[in-house]
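Student: Build the 3D model from these lines:
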Amino acid sequence: MSVTDIVREETEYIDDEWKSTPQNIEEEISNYNSSRNRTLYYAWGIWVTAYARRNLWSAIFALKEDYIYADTDSVKYFNKEKHAAYFEEYNVDVTNKLLTMAKHQKLDPKLLSPKTVEGIEKPMGVWEWEGDYTHFKTLGAKRYLTKTGDYYSLTVAGLPKSAGMKYLKEQGEND
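Tutor: Numbers count the residues shown, from 1 in each chain. This next block holds a predicted model:
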């Protein structure tokens, strides 16, 4: 949302025809930056995305030939024990950076570890182990099926996990 293009052509439908009018870039950016309705700053989205991507690539490069799959905020890989030190060091480093930021901003450090509905603390910014799989199948970004023992889990962006598995089970029963 914060990296939506600030300057867009104006498009109108006139006399059964679509017409586009280019905008003055400097004027539109100035209007955007001076608007009291602006809640996000374009550069935040750019830098947050770039920083997150840098962190993801850091993990991929550390994993080398054991790397299998990654999406926005996760990596799948072989040989957990071999790479444990990387993830431990990364998590300590990012936690220290967040604590330094919280102190500087005079924020309660507890805000850095919000709790789930079940009351489980989830520290922000750290890599967490999602478990071991006996099978992993992906069809591309944010679309994968895992199996651990007899338990399957399906991840498809925008689709509740239970709905995807329900559909697969129904299709299997119909075949």
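Student: residue boundaries of the strands in the protein?
Tutor: Remark: strands assigned in the chain by DSSP state E are 10-14, 17-21, 67-71, 74-77, 135-140, 143-148, 151-156.
Student: and the ones you listed as CSV, adding distance to Tyr42?
Tutor: Yep, even glycine has a C-beta here, placed from its N, CA and C like the rest. Output for the strands of the chain, formatted as CSV (distance: least, C-beta to C-beta, whole Å):
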stretch, distance to Tyr42
strand 10-14, 19
strand 17-21, 22
strand 67-71, 24
strand 74-77, 26
strand 135-140, 28
strand 143-148, 30
strand 151-156, 30
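Student: Give the buried residues for stretch 123-134.
Tutor: The neighbour-count check on stretch 123-134 (16 or more other C-beta atoms under 10 Å) flags 126-127, 133 as buried.
Student: Span of that stretch from start to end?
Tutor: For stretch 123-134, the first-to-last residue distance is 27 Å (C-alpha to C-alpha, to the nearest Å).
Student: Give the rounded mean pLDDT of it.
Tutor: When pLDDT is averaged along stretch 123-134, the result is 93.
Student: Name the nearest residue to the residue sitting nearest the centre point of the chain, sequence neighbours excluded.
Tutor: When C-alpha atoms, centre = their mean is applied to the chain, the residue found nearest the centroid is Thr72 (3.8 Å). Closest residue to Thr72 apart from its sequence neighbours, by C-beta to C-beta, 6 or more residues apart in numbering: Ala52 at 7.0 Å.
Student: Lys122 is nearest to which of the strands of the chain?
Tutor: Minimum separation from Lys122 across the strands of the chain (C-beta to C-beta) falls at strand 74-77, 13.8 Å.
Student: other SSEs contacting the closest one?
Tutor: Applying 3 or more C-beta pairs under 8 Å, 6 or more residues apart in numbering; DSSP states H and E, we find strand 74-77 packed against helix 42-63, strand 67-71.
Student: rerun at 10 Å
Tutor: Contact here means 3 or more C-beta pairs under 10 Å, 6 or more residues apart in numbering; DSSP states H and E; on that basis strand 74-77 packs against helix 42-63, strand 67-71, helix 80-104, strand 143-148.
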